[in-house]
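A.B. asks: Fold the following.
(one chain, ligands or ions: 1)
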Amino acid sequence: MKTTAAITGVSAYLPDYILSNKELEKMVDTCDEWIMSRCGVSERRILKDKDKASAFMAAEAAKTLLTKKGISPLDIELIIVATVTPDHQYPATANIVSDMIGATNAWGFDVQAACSSFIYALTTASKFIETGTHKKILVIGSDKMSSIVDYTDRQTAILFGDGAGAVLLEPTTDGTGILDSKMYSDGAGKKALFQPAGGSLIPSSIESVTNKQHFVEMDGQSVFKVAVLKMADVAEEIMQRNHLKADDVAFLVPHQANKRIIEATANRMGISMERVMLNIQKYGNTTSATLPICLAEWENQLKKGDNLVLTTFGAGFTWGGLYLKWSY
Ligand code: UT7
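C.D. replies: Numbering: from 1, shown residues only. Sure, this is the predicted structure:
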């Protein structure tokens with residue numbers, strides 16, 4: 001049978017500090033009831049340590065995963081880190097992580113597609129397995145969103161949180177693993193959700209800092225309108241392409257941006273909310289980390305052969321869907 005990329009292990013790292021809606025009420029003009037009804041977030045985790053960032057969380061998730069699997073870091077051949085909050089512009093966070101975990105035989109790079117980063121990274125990694133060139137790849141989603149959120153902006157302060165999740169990819173020929181994926185992007189949406197400064201267009205300057213251009217800038221309503229459509233579209237497309245009926249899908253694994261977007265996607269797929277991985281209430285939107293954190297939290301409920309559909313939508317715009325059969 002054809003070689004496919006199987007997820008053979010998952011783990012997550014969430015910082016201890018909990019930023020509740022009650023605490024946010026003291027920071028911006030908002031209230032728990034509004035946040036819960038409009039996006040479904042009750043609390044999020046924040047990495048408070050000033051000297052720790054995305055690479056630290058990614059390395060923690062990776063170390064837990066390697067220990068759990070009893071695998072030496074020296075056996076890892078490739079590390080792909082999905083992130084929009086790299087520790088530095090360069091080197092890549094993947095390089096820093098490989099050093100932190102002692103994966104000195106691995107090469108690596110970062111993938112940045114905003115909230116779709118992890119699904120883009122997973123798709124990319126799967127090709128290195130399918131072609132037979134690699135046998136052990138770590139794909140890690142990690143974001144310290146608190147480093148780019150303006151906690152005086154009530155639209156974004158309520159949504160985002162920090163965290164990381166990691167998966168191990170290995171080849172299999174047993175019919176499980178990543179079986180299909182479809183990615184999309186449309187750069188025409190670039191200004192609906194972006195971090196204006198810090199790149200080569202608007203380099204960091206006193207003006208850019210004064211103008212708060214290093215924070216997430218979002219036109220929430222415009223993003224919502226496209227997200228709600230596209231995430232459901234791609235989920236439906238993945239189901240049709242793979243002849244999956246609602247009953248065939250064990251779990252929908254959606255990006256955690258807004259509970260209403262997730263409900264609309266599940267509704268279009270005909271899947272009841274009991275079969276939807278939903279933890280936005282605890283962690284908010286951790287950007288590149290939402291999907292692997294979900295997989296880690298639901299790992300004990302999954303069994304070999306379960307059909308999972310992963311879907312995401314993010315800035316760019318970027319969106320995508322991925323179909324996999326769980327491998328253990
Ligand atoms: O992961 C990447 C993609 N990101 C997303 O998918 C985010 C997509 N957008 C959203 O999830 C939603 O647009 C938000 C949750 C950000 C906002 O929800 P909304 O239902 O679109 O609210 P809105 O922007 O239409 O605002 C409705 C009202 C406004 O007041 P008025 O003009 O009706 O008086 C806002 O000023 O709610 C007000 N509002 C708030 N009130 C309390 C906006 N933010 C808040 C707030 N607390 N935090």
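A.B. asks: close to the ligand, is the biggest helix by length in the chain?
C.D. replies: Longest helix in the chain by number of residues (criterion: DSSP state H): helix 220-241. Yes. Helix 220-241 is in contact with the ligand by CB under 6 Å from any ligand atom, via 220-221, 223-224, 227. C-beta coordinates here come from the backbone N, C-alpha and C atoms, glycine included.
A.B. asks: list the helices and strands that helix packs on?
C.D. replies: strand 177-185, strand 249-254, helix 259-269, strand 307-314, strand 318-325 (3 or more CB pairs under 8 Å, 6 or more residues apart in numbering; DSSP states H and E).
A.B. asks: swap the cut-off to 7 Å and go again
C.D. replies: strand 177-185, helix 259-269, strand 307-314, strand 318-325 (3 or more CB pairs under 7 Å, 6 or more residues apart in numbering; DSSP states H and E).
A.B. asks: Switch these over to a markdown table; also include distance to the ligand and mean neighbour count.
C.D. replies: Formatted as a markdown table, the helices and strands packed on helix 220-241 follow (distance: least, CB to the nearest ligand atom, whole Å; neighbours: other CB atoms under 10 Å):
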| stretch | distance to the ligand | mean neighbour count |
| --- | --- | --- |
| strand 177-185 | 14 | 19 |
| helix 259-269 | 6 | 20 |
| strand 307-314 | 5 | 27 |
| strand 318-325 | 9 | 24 |
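A.B. asks: now those in a markdown table, with mean pLDDT?
C.D. replies: Converted to a markdown table, the helices and strands packed on helix 220-241 look like this (pLDDT from 0 to 100):
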| stretch | mean pLDDT |
| --- | --- |
| strand 177-185 | 98 |
| helix 259-269 | 95 |
| strand 307-314 | 98 |
| strand 318-325 | 98 |
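A.B. asks: So which of those is nearest Arg45?
C.D. replies: Closest of the helices and strands packed on helix 220-241 to Arg45 is helix 259-269, at 17.6 Å (criterion: CB to CB).
A.B. asks: Identify the residues contacting the closest one?
C.D. replies: Applying CB atoms under 7 Å, 6 or more residues apart in numbering, the external contacts of helix 259-269 come out as 39-40, 224, 227-228, 231-232, 235-236, 239, 246, 252, 254, 273, 276, 278, 280, 311.
A.B. asks: contacting residues for Met218?
C.D. replies: Residues near Met218 by CB under 7 Å, 6+ apart: 155-156, 193.
A.B. asks: let's go with 6 Å and repeat that
C.D. replies: 156, 193 (CB atoms under 6 Å, 6 or more residues apart in numbering).
A.B. asks: Can you give me the distance of it to Tyr90?
C.D. replies: When distance is defined by CB to CB, to the nearest Å, Met218 is 26 Å away from Tyr90.
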